[in-house]
Each structure stands twice: as structure tokens, then as C-alpha cells.
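Engineer: I would like to see how this sequence folds:
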Amino acid sequence: MSNSWLPVADALAAMQSQVSALTETETVSLSAALDRVLAQPVCADINVPGYDNSAMDGYALRAAEATQPLKVVGEAFAGHPFDGTLPANSCVRIMTGAQMPQGADAVVMQENVERDDADIQVQTTVKCGDNVRLCGSDITDGAVVLAAGQRLNAVHIGLLASLGIAEVTVIRKLRVALFSNGDELVVPGEPLRKASQIYDSNRFTLTAMLQRLNVDIIDLGHIADDPDALESAFQQAMRSADLVISSAGVSVGDADHTKNTLAKLGHIEFWKIAIKPGKPFAFGRLGDAWFCGLPGNPVAAVVTLDQLVQPLLRRMAGEQLTPPLQLEAKAATAIKKRPGRTDFQRGRFSQRDGQLWAEPVGSQSSAVLTSVAQANCFLVLEQERDSIAAGESIIIQPFDQLLT
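Structural biologist: Predicted coordinates:
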């Protein structure tokens, strides 16, 4: 176990290199597939669209005949195609999505046509293929439409449905055990009986964030600063979970019960990361489970779950990892910072005259959760960077689904 401060990038790389993706799979219906991770590629077994169809309401015709009057010989609607082959010097009234009549090779918009009873005169130049969606132009039969490791969103669900797919094979859900630690904590809804007591907000915040990742949460509740209680909680967690998350008990000055219990039951890789807030962050192994020990301060717990634990969970879930969205902005105000740690300050960004501007919001204390509630992004200030003057360029990371 190292006692030095690990840079954030090194900590992330170390965690990613040690864990493996789950291999157990299950088959779920499309209605239960949102936010699940595909265990295998999905290939199309049909063309989409399945036939040439109109992209507009208008008239289907032969482009070579568009300069002469054409007789309207029928209609075509989505699900109700024109029956037969289009005769010479004629056209078919057609609606968006309707199958192209045999013999027609273009569609002219209805706004570009003058109609006189059963005849039309086209008022624009028409080329072969105009306003026609060709069979397979979106997806071809046999094409890979979604790769293994894709976390399914609402659009993916619709895409699968468009292929007639009713079930998908996905990685089983991660099991994450969570508990908070500290004699000062009180469950919300109960009265604070001592001036030294505070409400246990971390467990509820972290649970809500984890729910956004669609994991199975094993809530072990609030554990007192008692060696036997802590050991019992850790043993229960490591038997049932893929990952164990604790909140508090890993900072310098905390009671040694958590550290002693972890040393007894498992192995901790590192305790300290050069991140602000969140320097006291523990990562290691507990039996067959992995362990992440988060700081007790609310903002530090939020930042470390979002920046450190979230990528770990996505990797364990078998998801294809992509870097978080980061954008360049100008500092709207001066920003205080000391070199030594990567600082994730809570801020707000907006666009003015084509330029992104961002500034810190609220108190930047790691204990003040209102700063996160008021923010829409992190100001990501590099480890060795000093204070920033107004107008300097900074990197912002808009809040993702865990915090919105």
C-alpha cells in the first residue's frame, strides 16, 4: 500500500487495470433493457427500411417524364402500397413512408406540383432518386448495429424495436454494497438529540447516484464506529457484492476501526489521491469483492463517486468506456487554487456571444452540498495549476446523468 498521493490519472489507470468485466449474462425483454449493457453484438437480420419508400408527401413518378403532364392513376399510403406497375406518362399520389410504386424512381413534393383534376404538371426539376429512401439505406441486413459493451439508452431501445428484436442478452447487473460509518450520523426522519449529531446524507446521495447506473444496491445502512459492527458489515458485504462502498472512516484522524478491519479482511492498494475534494480515498480488495472507501464530507463523496468510482463500475459492468465530455471555457471570475491536487470545483457555465464562460458557485468547502445543487459542471483545474485570473481558459466537465 502506497502512502504517497497518486495523481488522478494514475489512480484511474491502476483501478481499471486491476478489475475485470463481469461475464455472467442474462436475457431480458426490450422493455427491461434500458441502461443494461449488451453482452454480445446485435446484428440486423432485415433491411431498414425494408423497401424503397417516399421521404415526402407528393407524387411518385419517373424522373424522365417529369417535364410533361402526368395522369394520377392511384394512391399509396404507409402500409397500403399502390398495386401494380406505374403506367407510362402517369404518377401516383404518395404519402411519407409509403412504398414506392414499381416503375417510379422519384418523388416530387406536393408543393411543387399544379394539379388539375386527374392530371399534374411538375413545376421544378426532378432527378432520379429525389425524395426516395432506398431499401437498406439506414441499416443493411447483416450489419452490426450495436456493439458488445454498449449501454442501452432510449434511442437504442427504439433501434432494436425497429429491427423486430424483442429480447437482448446483457451482462448481469452489478451488485454494490453500500454503508455509511460514524457515531455522529442520524437517519433522516429521526430527531437530532445532540449538538454533535448530523443527518446521514451521504448514503442517500450515493444511492441515488448509483441508481442512475442501474446497479443492484445492497444497502447495509449506518454502521457505528464499533470494530465488531464494522467487521460484520464488511463480511456481509464481501460475501454478497461485486463492489463494496463505504462512506467515511478513511481520513487521517478517523478512528482506526475501518483501517484495521480492512487490513484484517482484505488488501488496500492506496489511500490517498491528489484530488480535491476527496484526498482520502481507499481502493482495494475484500475477498472476491472490490472496495472503495469514500470520504465522509458530502461533496468529497459525490466527487469521488462521480470521478473515480463511476469509471470503475462501468468497466466492471462490461461497458465500453468513453472519456467524459470536457469543454474549454473562459473563467468569468478569478478562481483560487493551490498547486498539488487536481481540483474539481463546482461551477456553472453558460454561453454568451458564442463563447463558453464558467465560474465557481457557492462555497467550495467539501462539506457544503449546496454548491453541487447550484452547479451544472465541474471546473477541472489541473494538478499543478495555480490560481486563475478572469478571462483565462479553463476546462469544464458538464454534469453527467449521475448528477442531473
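Engineer: Shouldn't residue 72 be within a helix?
Structural biologist: No - Residue 72 is assigned strand when assessed by DSSP: H, G, I helix; E, B strand; the rest coil, not a helix.
Engineer: residue boundaries of the strands in the stretch 151-300 of the chain?
Structural biologist: Using DSSP state E, counting those that start in this stretch, the strands of the stretch 151-300 of the chain run over residues 167-171, 175-181, 185-186, 198-199, 216-223, 243-247, 266-272, 275-276, 280-286, 289-294.
Engineer: Pick the most deeply packed of those.
Structural biologist: Burial of those is given as mean neighbour count (mean count of other C-beta atoms under 10 Å); strand 243-247 ranks first at a mean of 28. (Glycine included, C-beta is placed from N, CA and C.)
Engineer: Let's have the strands of the stretch 151-300 of the chain in JSON lines, adding mean pLDDT and distance to residue 234.
Structural biologist: JSON lines is the format used below for the strands of the stretch 151-300 of the chain (pLDDT from 0 to 100; distance: least, C-beta to C-beta, whole Å):
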{"stretch": "strand 167-171", "mean pLDDT": "98", "distance to residue 234": "26"}
{"stretch": "strand 175-181", "mean pLDDT": "93", "distance to residue 234": "9"}
{"stretch": "strand 185-186", "mean pLDDT": "82", "distance to residue 234": "17"}
{"stretch": "strand 198-199", "mean pLDDT": "84", "distance to residue 234": "23"}
{"stretch": "strand 216-223", "mean pLDDT": "93", "distance to residue 234": "9"}
{"stretch": "strand 243-247", "mean pLDDT": "94", "distance to residue 234": "7"}
{"stretch": "strand 266-272", "mean pLDDT": "87", "distance to residue 234": "8"}
{"stretch": "strand 275-276", "mean pLDDT": "96", "distance to residue 234": "24"}
{"stretch": "strand 280-286", "mean pLDDT": "92", "distance to residue 234": "6"}
{"stretch": "strand 289-294", "mean pLDDT": "94", "distance to residue 234": "8"}
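Engineer: Residue 4: which of these is closest?
Structural biologist: Among those, the nearest to residue 4 by C-beta to C-beta is strand 266-272 (7.2 Å).
Engineer: The top strand by length along the chain: partners in the sheet, and parallel or antiparallel?
Structural biologist: Taking DSSP state E as the criterion, the chain has its longest strand at strand 342-352. Looking at strand 342-352 with DSSP bridges, its partner strands are strand 275-276 (parallel), strand 355-360 (antiparallel), strand 377-381 (antiparallel).
Engineer: out of those, nearest to residue 22?
Structural biologist: Going by C-beta to C-beta, the one of those nearest residue 22 is strand 275-276, 27.0 Å.
Engineer: Please enumerate residues in contact with the closest one?
Structural biologist: 8, 11, 281, 303-304, 307-308, 341-344, 366 (C-beta atoms under 8 Å, 6 or more residues apart in numbering).
Engineer: Taking those together, which two end up most distant?
Structural biologist: Among the contacts of strand 275-276, 11 and 366 lie farthest apart (C-beta to C-beta), at 17.8 Å.
Engineer: Point out where the stretch 1-150 of the chain drops to low pLDDT.
Structural biologist: 1-3 (pLDDT under 70).
Engineer: go with 90
Structural biologist: 1-5 (pLDDT under 90).
Engineer: Please, where are all the helices along it?
Structural biologist: Using DSSP state H, counting those that start in this stretch, the helices found in the stretch 1-150 of the chain span residues 8-18.
Engineer: which ones are touching residue 284?
Structural biologist: 1, 262, 266-270, 290-291.
Engineer: what's the answer for residue 386, then?
Structural biologist: Each residue near residue 386 by C-beta under 8 Å, 6+ apart is listed here: 337-339.
Engineer: these two touch, right, residue 122 and residue 63?
Structural biologist: No - look at residue 122 against residue 63 with C-beta atoms under 8 Å: they stay out of range, at 9.7 Å.
Engineer: the more surrounded of the two?
Structural biologist: The residue with more neighbours, out of residue 122 and residue 63, is residue 122; 23 against 18, by other C-beta atoms under 10 Å.
Engineer: and the residue nearest to that one when sequence neighbours are not counted, how many neighbours?
Structural biologist: Once flanking residues are discounted, residue 122 sits nearest to residue 66: 4.6 Å by C-beta to C-beta, 6 or more residues apart in numbering. Number of residues near residue 66 (other C-beta under 10 Å) recorded here: 24.
Engineer: quick revisit: residue 382: which of the contacts of strand 275-276 is nearest?
Structural biologist: residue 342 (6.3 Å).
Engineer: What's opposite the closest one in the beta bridge?
Structural biologist: With DSSP bridges applied, the residues forming beta bridges to residue 342 are residue 275.
Engineer: same question, the one 5 residues further on
Structural biologist: Beta bridges link residue 347 to residue 360, residue 377 when assigned by DSSP bridges.
Engineer: ok so, going back, farthest pair in the contacts of residue 284?
Structural biologist: Maximum distance among the contacts of residue 284 (C-beta to C-beta): 15.1 Å, for 1 and 290.
Engineer: Which one of the strands paired with strand 342-352 lies nearest to residue 151?
Structural biologist: For the strands paired with strand 342-352, the distance to residue 151 is smallest for strand 377-381, at 21.6 Å, taking C-beta to C-beta.
Engineer: Now the element after the closest one, going C-ward?
Structural biologist: Downstream of strand 377-381, the next assigned helix or strand under DSSP states H and E is strand 393-398.
Engineer: Sticking with residue 303, tell me its helix or strand.
Structural biologist: Assigned by DSSP H and E, residue 303 falls in helix 298-304.
Engineer: so what does that helix touch, helix or strand wise?
Structural biologist: Judged by 3 or more C-beta pairs under 8 Å, 6 or more residues apart in numbering; DSSP states H and E, helix 298-304 is in contact with helix 202-211, strand 289-294, helix 370-374.
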